[in-house]
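Asker: Give me coordinates for this.
(chains A and B)
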Amino acid sequence: MTTTLYTSDHEWLAIKGDVATVGITDYAQQQLGDVVFVELPKVGRTLKKAEAAAVVESVKAASDVYAPVTGEVLETNAELAAEPALVNSDAQGKAWFFKIKMADKGELGGLMDEAAYKAHTA
Amino acid sequence: MLAHDDQDSLKRTPLHGLHVSLGGKMVPFAGYDMPVQYPAGVLKEHLHTRASAGLFDVSHMGQIALRPKSGRVEDAARALERLVPQDIVAIAPGRQRYAQFTNADGGILDDLMVANFGDHLFLVVNAACKDADEAHLRANLSGDCVIDSLTDRALIALQGPKAEAALAKLCVEAPAMKFMDSDPRKVAGLDCFVSRSGYTGEDGFEISVPAADAERLAKTLLENTDVLPIGLGARDSLRLEAGLCLYGHDIDTTTTPVEAALEWSVQKSRRSGGARAGGFPGAEKILAHFDNGAARRRVGLLAQGRAPVREGARLFADSAGGEPIGQVTSGGFGPSLNAPVAMGYVPTASSALGTQLFAEVRGQRLPVAVAAMPFVKNTYKR
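Answerer: Residues are numbered from 1 along each chain as shown, chains lettered A, B, ... in the order given. The predicted structure follows:
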């Protein structure tokens, strides 16, 4: 079973066991506009919660994507690196950024569920 | 490019209501509440302008009439030559020229367009500089000219390959105009000033229209399905691909016209040995740059990877070590090139086309090459 949680920085995490798939929300892609470049973390890198993990760039500006939890990067989305516009067309599906093996699932406690995130962006 | 103004103190152009009704995403820019993009988005707006036609609200820019007290336009032209290194006297009636106000150090106070309207000069200056420009003109030219700030006019740019056909429906003489022609003309029966120029590298027009009629004119142009409204985001990416300078970024009070690679804009008559050589602020330094070269130069930069190289990125000669040799002054993603594009200043010795340099982006040095500008071929109707 997969649970989806959200951060106040507009990342989503799809959690299955101790692995989280991370991307940016549809709300975030609407704010960014046309995405033309993404930089993904290296597989094997250990990310600390709140550390800059990836970069997403629109025509106009670059924005950091933060690690929502501490853990090791297991896999990154090669399809997204080749086609950054996927962020605009399918932010919460095909445009996942990376999968991370969570070191401490206790860190999930501060995150929002879908209803709370909707209220946060309303 | 976005200033951090207090939302409440922001000024509005006569087209503000139209922007909001069209779904424009409004942001503060140079003291105005302006559309950075519409629902189509920066990428589509940019590509649409190059393929069809885009309508831009540039009413935040300053429009100033310089009226000679003698009644002879050449007296206004001679007076203005005291403030700019351009040959203003030689601008024929119905023509305009790109110019810069310079300071005593040879730096650039603002860049502007100067048109000869037969009995007076018409100036278009940058929004962020317009109050200072007006004060500068009053302080220096009041003896010869009446300086008339035309605050009751809007300014609309119509740019792209279908701009001519779109404007021809409202102004039959428009197709006969050549690049940099500029004149008072009727558009849709309104008393406009029309120039064949712009800030995108595309053929197109800039139309000064009475503020009260601006929304009606814009709506009439937008009824043509070839014409889409375009925000400041695409305006910036279009001018960057066209290699055009953005004041306050690529040129400022610390850059001379020679360092900025704007030699083409300074006519021979104002250079050493010319009929009216010098006689503008900073002439000694600017003419020395013409005669002996400048130590640094504005160049185009193309990245080899996909990562945009943005304003402020430091430039290095080598992939590791050494001190920075220059800095990027404008950079981003060029939608028509489908690649990152940038410009910046480098030592003249490193300014030859093809020179390999490195731009520091998030701690990494990315290879970039000095490249010819414009990045996208311009389509002016000369």
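Asker: The closest residue to residue B:373 other than its chain neighbours: how many residues sit nearby?
Answerer: Leaving aside its sequence neighbours, residue B:373 sits nearest to residue B:243 (C-beta to C-beta, 6 or more residues apart in numbering or on different chains; 2.9 Å). In short, each C-beta sits where N, CA and C put it, glycine included. Here the count is done by other C-beta atoms under 10 Å in any protein chain shown, and residue B:243 has 22 residues near it.
Asker: can you tell me which residues contact residue B:243?
Answerer: B:201, B:300, B:343, B:373, B:374, B:375 (C-beta atoms under 8 Å, 6 or more residues apart in numbering or on different chains).
Asker: can you pull the contacts of the fourth one?
Answerer: When you say that, I think you mean residue B:373. Residue B:373 touches B:242, B:243, B:299, B:300, B:343, counting by C-beta under 8 Å, 6+ apart.
Asker: rerun at 10 Å
Answerer: By C-beta atoms under 10 Å, 6 or more residues apart in numbering or on different chains, the contact list for residue B:373 reads B:201, B:240-244, B:261, B:298-301, B:341, B:343.
Asker: Quick check: residues of chain A near chain B?
Answerer: Contact residues (C-beta under 10 Å from any C-beta of the partner chain) of chain A with chain B: A:30-31, A:33-39, A:52, A:55, A:57-62, A:64, A:81-82, A:84-85, A:88.
Asker: 6 Å - rerun?
Answerer: A:33, A:34, A:36, A:37, A:57, A:59, A:60 (C-beta under 6 Å from any C-beta of the partner chain).
Asker: Specify the beta-bridge partners of the nearest residue to the first one once chain neighbours are set aside.
Answerer: Yep, that's residue A:33 we're talking about. Nearest non-adjacent residue to residue A:33, counting by C-beta to C-beta, 6+ apart: residue A:58, 4.5 Å away. Beta bridges link residue A:58 to residue A:35 when assigned by DSSP bridges.
Asker: For beta bridges, what are the partners of the residue nearest the centre of chain A?
Answerer: The residue lying closest to the centre of chain A (C-alpha atoms, centre = their mean) is residue A:23, at 2.5 Å. Note on residue A:23: beta-bridge partners by DSSP bridges are residue A:12.
Asker: Now do the same contact list for it.
Answerer: A:12, A:95, A:96, A:97 (C-beta atoms under 6 Å, 6 or more residues apart in numbering or on different chains).
Asker: likewise residue B:233?
Answerer: A:60, B:36, B:37, B:42.
Asker: Tell me the one of the residues you listed nearest residue B:27?
Answerer: residue B:36 (4.5 Å; C-beta to C-beta).
Asker: element containing the closest one, please.
Answerer: strand B:32-37 (DSSP states H and E).
Asker: how many degrees apart are whichever helix or strand comes after that strand and strand B:32-37 in direction?
Answerer: Note on strand B:32-37: by DSSP H and E, the next helix or strand toward the C-terminus is helix B:42-51. For helix B:42-51 against strand B:32-37, the angle by axes from the mean of the first three to the mean of the last three C-alpha atoms, to 10 degrees is 80 degrees.
Asker: Which strands or helices does the next helix or strand after helix B:42-51 pack on?
Answerer: Toward the C-terminus, helix B:42-51 is succeeded by strand B:53-57 as the next helix or strand (DSSP H and E). Judged by 3 or more C-beta pairs under 6 Å, 6 or more residues apart in numbering or on different chains; DSSP states H and E, strand B:53-57 is in contact with strand B:153-159, strand B:227-229.
Asker: neighbours around residue B:297, how many?
Answerer: Neighbour tally, residue B:297, other C-beta under 10 Å: 22.
Asker: got it, and the one 10 residues further on?
Answerer: Here the number of neighbours of residue B:307 (other C-beta under 10 Å) works out to 21.
Asker: next one: residue B:276
Answerer: Neighbours around residue B:276, by other C-beta under 10 Å: 16.
Asker: What is the burial count for the closest residue to chain B within chain A?
Answerer: Nearest to chain B in chain A, going by C-beta to the nearest C-beta, is residue A:34, at a distance of 3.8 Å. Neighbourhood size, residue A:34 [other C-beta under 10 Å]: 24.
Asker: From residue B:215, how far out is the residue nearest to it when sequence neighbours are not counted?
Answerer: Nearest non-adjacent residue to residue A:34, counting by C-beta to C-beta, 6+ apart: residue B:43, 3.8 Å away. Distance, residue B:43 to residue B:215, by C-beta to C-beta, to the nearest Å: 27 Å.
Asker: For those two, indicate the residue with more neighbours.
Answerer: Regarding residue B:43 and residue B:215, a neighbour count based on other C-beta under 10 Å identifies residue B:43 as having more, with 22 against 17.
Asker: What pLDDT does the model give the more buried one?
Answerer: Looking at residue B:43, its pLDDT is 96.
Asker: what about residue B:114, which SS state?
Answerer: strand (DSSP: H, G, I helix; E, B strand; the rest coil).
Asker: quick one, what contacts it?
Answerer: For residue B:114, the contacting residues are B:88, B:97, B:99, B:121, B:123, by C-beta under 6 Å, 6+ apart.
Asker: Before we go further, residue B:139 is sitting in a helix, right?
Answerer: Yes: secondary structure of residue B:139 (three-state DSSP): part of a helix.
Asker: before we move on, the earlier item: can you go through the contacts of residue B:243 and name the buried ones?
Answerer: The neighbour-count criterion (16 or more other C-beta atoms under 10 Å in any protein chain shown) marks B:201, B:300, B:343, B:373, B:375 among those as buried.
Asker: What segments of the chain are helices?
Answerer: Just so you know, I chose chain A. A:26-32, A:78-82, A:86-89, A:114-121 (DSSP state H).
Asker: right idea, wrong chain: chain B
Answerer: Using DSSP H, helices in chain B cover B:16-21, B:42-51, B:73-80, B:130-141, B:163-168, B:211-223, B:232-241, B:283-292.
Asker: Pipe those into TSV and attach distance to residue B:182 per row.
Answerer: Listed next are the helices of chain B as TSV, based on distance: least, C-beta to C-beta, whole Å:
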stretch	distance to residue B:182
helix B:16-21	25
helix B:42-51	21
helix B:73-80	13
helix B:130-141	18
helix B:163-168	14
helix B:211-223	17
helix B:232-241	19
helix B:283-292	26
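Asker: right, so of those, which gets closest to residue B:197?
Answerer: Taking the helices of chain B one by one with C-beta to C-beta, helix B:163-168 is closest: 11.1 Å.
Asker: What residues sit buried inside the closest one?
Answerer: B:163, B:164, B:166, B:167.
Asker: Tell me which two of these sit farthest apart.
Answerer: B:164 and B:166 (7.3 Å).
Asker: Could you measure from whichever residue of chain B sits closest to chain A over to residue B:78?
Answerer: Residue nearest to chain A within chain B: residue B:43 (3.8 Å; C-beta to the nearest C-beta). Applying C-beta to C-beta, the value for residue B:43 to residue B:78 is 47 Å.
Asker: isn't residue B:368 right up against residue B:303?
Answerer: Yes: Residue B:368 lies in contact with residue B:303 (C-beta atoms under 6 Å); the separation is 5.0 Å.
Asker: of those two, who's got more company?
Answerer: Just comparing residue B:368 and residue B:303: by other C-beta under 10 Å the higher neighbour count belongs to residue B:368, 28 against 22.
Asker: show me what contacts the residue lying closest to residue B:10 once chain neighbours are set aside?
Answerer: By the measure of C-beta to C-beta, 6+ apart, the closest residue to residue B:10 outside its immediate chain neighbours is residue B:33, 4.1 Å from it. Applying C-beta under 6 Å, 6+ apart to residue B:33 gives the contacts B:10, B:12, B:26.
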